[in-house]
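Asks: A predicted structure for the sequence below; I have some questions about it.
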Amino acid sequence: MSSRKFKTEVADLLHLIIHSLYSNKEIFLRELISNASDAIDKLRYLSLTDEKLKGFSFNPRIDISFTEDGERTLTISDNGIGMNEDDLNDNLGTIASSGTRKFLASLTEDQKKDSNLIGQFGVGFYSAFMVAKKITVISRKAGEDDAWKWESDGESSYSIEKAERNEQGSTIILTLNEEGEEFANRWQLETLIKKYSDNIAYPIYLAYDQVHYDNEKKDENGNAVKTTEHKVEQINSASALWKRPKSSIKDEEYKEFYKNSFYDSDDPLFYIHTQAEGTNEYTTLFYIPAKAPFDMYYADYRPGVKLYVKRVYITDDDKDLLPVYLRFVRGIIDSEDLPLNVSREILQENRVMVSIRNASVKKLLGEFKKISENNPELYSKFIAEYNRPLKEGLYSDYSNRETLMELVRFKSSTEDGYVSLKDYKSRMKEGQKAIYYISGGKEEVLRTSPLVAAYREKGYEVLIMGDDIDDIVISQIGEYDKTPLKAINKAGALDDLKSDDDKAKEEAKKPVAEKIKAALGERVKDVVISSRLTDTPAAVIFSDDDPSMQMQRLMKQMGGEMPDIKPMLEINPDSPVIAKIEKSSDDEFVKSLSSVILDQALIQEGVMPSNPAEFAANLTKLLS
Ligand code: ADP
């Protein structure tokens, strides 16, 4: 037997791990199972590629057992690649990864106490010293005859000597310390295996003794007879579905996996499976639920994406895996390149993670776009649930705005259901210079706006932006495919519909506009004439730099201070009601009628007159 000192860096690492990861000591099991799974991965690979090991056949498995009586132990055994004497020295006597070594060397004493920092590299095997006072590894390398025993108390040295082992692989025996005793327990182990390692591709068996007390049979002292049955049970489902070749996975399997993993009784609308190779190797499997998650609009919504590293579960509670507006997406991200112990703080800035995230967003949006082009029926189901979060994306995700503009949908004055900006553009009349829209109220109200009627009469389609988020979104769009978007209820849009005749008429009617403006006084910003209106005497509009009614309401709801913004009144010069004002010299009458016209225009925009009693009084006066 030879006894050797750990390289000082290992001693440092051990110290660090034991002190900083302490609150999370259960992760040692995940690390050991992950190592076992890696060892099997390696042997499987070599049995396919290596001259010496080609054709080597074995039944991959991981076995876990424990002793509850006397000295508590926990054993994790695999039949993977195994280690010979040199491997044991290199792998368990030094820190294998040079990156880890450099990182460790760069830490100051203060940083070493920071458990977030330590999460940046894989702590692996050594984390078992949090729960063990002694670790024994018995290992035999595939293709070799000798087996070796490595043993250490995790203080400063380890020993290596010859040992016996029937087949290739490694057995890790933890002699548990006080902190670790709780892990020599069937339920604890079962829970942890399910929690962290359910998707490890190889079966994980747990061996335990089941004790029965038979009350029918008594021993000589009158106690129930105790029988012990030894059981071995597979704990994980051993199906990292997303790692299998796409062509081998049936539609049904994808759906079952979704329903089991994300607790949904309905099939998903669709799913997107990506297996990326190259500099950054990762797999993503995303699902779009048929119904928007109930908490989609709660501030404390549950994120829907789980992170795995090499099939080992890391977290399902990280809101930064995808941007907030994609919070309805369910699924998994499995990276081959992230360290197992990556912490949340580090994830956000981790180069690998950032690139997976960006690629995932592009992939999702690209896929949505394909569906919008190839499967309108499916897309309309999707839009019915997720139009609004996509609109959020328009103002939060600048880098994907172009795509998002193609994805969002709006209601229209001429079409049923939702339309895209692209479709709108393809239907534009010859010479039409802008995409017209109306916003600032509920859909039903906007639809009946006299302005919309005026545009329809002239053959123009108007987008009905009745979603309360639309006003914010529209300010982000500005133009689509070089065509500006223009609000028809803002002063700037007026001119588009005017002919020279109209302009002459407006000029002639200026005095009546002045008369009404004088009568309304402080209540309006301005009164303008327009030939757009057909049936109604007037409509309210807002000047370009003022927020719309809807925006004002929204800002008030959010608790913001909002000065009362005065509307502009647009009057129809052909209306007989306006003509009455023109002809009248009764100041009182002009005042009442102007006031009723304004209030009525406001009501058409869904706004209560500021003084309903006065409105009623004026109306009565006029009627009589
Ligand atoms: P990591 O797994 O992140 O490389 P560990 O400290 O967990 O770091 O393990 C160090 C090395 O020891 C591994 O890279 C591997 O080569 C070897 N090793 C650990 N466990 C096993 C095992 N069960 N079978 C074979 N090799 C192992």
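Replies: Cool, got the structure.

Asks: Show me what from this protein comes close to the ligand.
Replies: Residues of the chain found near the ligand (Cβ under 6 Å from any ligand atom) are 31, 35-36, 39, 78, 80-83, 91-92, 96, 122, 124-126, 170. In short, each C-beta sits where N, CA and C put it, glycine included.

Asks: Now the buried members of the residues you listed.
Replies: Among those, those classed as buried by 16 or more other Cβ atoms under 10 Å are 31, 35-36, 39, 78, 80-83, 91-92, 122, 124-126, 170.

Asks: Just the closest of those to the ligand, please.
Replies: Using Cβ to the nearest ligand atom, residue 124 comes nearest to the ligand of these, at 2.3 Å.

Asks: Please name the spatially closest residue to that closest one (chain neighbours excluded).
Replies: Distances taken as Cβ to Cβ, 6 or more residues apart in numbering place residue 31 nearest to residue 124, at 5.3 Å, with adjacent residues excluded.

Asks: so that neighbour, which of the three states?
Replies: Taken by DSSP: H, G, I helix; E, B strand; the rest coil, the conformation at residue 31 corresponds to helix.

Asks: next one: the one 4 residues further on
Replies: In the three-state summary, residue 35 is assigned as helix, counting by three-state DSSP.

Asks: Which of the residues of the chain next to the ligand fall in strands?
Replies: Under the assignment DSSP state E, the residues of the chain next to the ligand contribute 78, 170 to strands.

Asks: The nearest residue to residue 424 once chain neighbours are set aside pairs with what?
Replies: Spatial nearest neighbour of residue 424, chain neighbours left out: residue 435 (5.7 Å); criterion: Cβ to Cβ, 6+ apart. Counting by DSSP bridges, residue 435 is bridged to residue 485.

Asks: Surely residue 435 touches residue 480?
Replies: Yes - with contact defined as Cβ atoms under 8 Å, residue 435 counts as touching residue 480 (6.2 Å).

Asks: okay, and the common contacts of those two?
Replies: 421, 425 (Cβ atoms under 8 Å, 6 or more residues apart in numbering).

Asks: Neighbour count: the two, which is higher?
Replies: Using other Cβ atoms under 10 Å as the criterion, residue 435 and residue 480 rank with residue 435 on top: 22 against 17.

Asks: show me the contacts for the more buried one.
Replies: Residues in contact with residue 435 (Cβ under 8 Å, 6+ apart) are 421, 424, 425, 428, 463, 480, 483, 484, 485, 486.

Asks: returning to that earlier point: report pLDDT for the residue nearest to residue 424.
Replies: Here, the pLDDT recorded for residue 435 equals 94.

Asks: ditto for residue 510
Replies: pLDDT at residue 510 comes out at 85.

Asks: can you offset everything so residue one is 46?
Replies: Noted, 46 is the first residue going forward, which turns the last one into residue 555.

Asks: And for it, nearest residue in space, chain neighbours not counted?
Replies: In space, residue 555 is closest to residue 574, 7.0 Å off (Cβ to Cβ, 6+ apart).

Asks: Give the full set of residues in contact with that neighbour.
Replies: Contacts of residue 574 (Cβ under 8 Å, 6+ apart): 550, 551, 554, 555, 557, 558, 615, 616, 618.

Asks: Check the spacing between the last one and the ligand real quick.
Replies: With the distance defined as Cβ to the nearest ligand atom, to the nearest Å, residue 618 ends up 80 Å from the ligand.

Asks: three-state assignment of that residue?
Replies: Residue 618 is classified as coil under three-state DSSP.

Asks: give me phi/psi at the closest residue to it other than its chain neighbours?
Replies: In space, and not counting its chain neighbours, residue 618 is closest to residue 554: 4.2 Å by Cβ to Cβ, 6+ apart. Residue 554 adopts backbone torsions of phi -90, psi 0, taken as degrees, to the nearest 10.

Asks: what sits against residue 554?
Replies: 574, 618, 627.

Asks: The last one is in contact with residue 560, isn't it?
Replies: The one in question is residue 627. Yes - between residue 627 and residue 560 there is a contact under Cβ under 8 Å: 7.4 Å.

Asks: Just want to know which of those two has more residues nearby.
Replies: Under the criterion of other Cβ under 10 Å, the comparison of residue 627 against residue 560 puts residue 560 first, with 18 against 15.

Asks: which element follows the helix or strand containing that one toward the C-terminus?
Replies: Taking DSSP states H and E as the criterion, residue 560 maps to helix 545-565. Scanning forward in sequence from helix 545-565 by DSSP H and E, the next helix or strand is strand 571-574.

Asks: quick one on the thing from earlier: which of the contacts of residue 574 count as buried?
Replies: For the contacts of residue 574, a neighbour count by 16+ other Cβ under 10 Å gives the buried set as 551, 554, 557, 558, 615, 616, 618.

Asks: Going by distance to the ligand, which of the residues you listed wins?
Replies: residue 615 (70.8 Å).

Asks: quick one: the helix or strand that closest one falls within to chain centroid distance?
Replies: Assessed by DSSP H and E, residue 615 sits inside strand 613-616. Put simply, strand 613-616 sits 45 Å off its chain's centre (Cα atoms, centre = their mean, to the nearest Å).

Asks: So what touches that strand?
Replies: With contacts defined as Cβ under 8 Å, 6+ apart, strand 613-616 is touched by 496, 536, 539, 557-558, 561-562, 565, 569-575, 577-578, 582-588, 623, 642-643, 646.

Asks: before we move on, the earlier item: same list (the contacts of residue 554) but as TSV, adding distance to residue 342.
Replies: Formatted as TSV, these follow (distance: Cβ to Cβ, whole Å):
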residue	distance to residue 342
574	43
618	46
627	51
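
Asks: Now residue 562: closest residue in space, sequence neighbours ignored.
Replies: For residue 562, the spatially nearest residue (Cβ to Cβ, 6+ apart) is residue 572, at 4.1 Å.

Asks: Sorry, wrong one. I was asking about residue 110.
Replies: residue 252 is the one closest to residue 110 (Cβ to Cβ, 6+ apart), at 4.1 Å.

Asks: Three-state assignment for the one you found, please.
Replies: Under three-state DSSP, residue 252 falls in the strand class.

Asks: Isn't it up against residue 107?
Replies: No - between residue 252 and residue 107 there is no contact under Cβ under 8 Å: 11.6 Å.

Asks: Please identify which of the two sits among more neighbours.
Replies: Each of residue 252 and residue 107 has its neighbours counted (other Cβ under 10 Å); residue 107 has more, 29 against 15.

Asks: Show me the beta-bridge partners of that one.
Replies: residue 123, residue 249.

Asks: May I ask you to confirm that it is in contact with residue 80?
Replies: No - look at residue 107 against residue 80 with Cβ under 8 Å: they stay out of range, at 9.9 Å.
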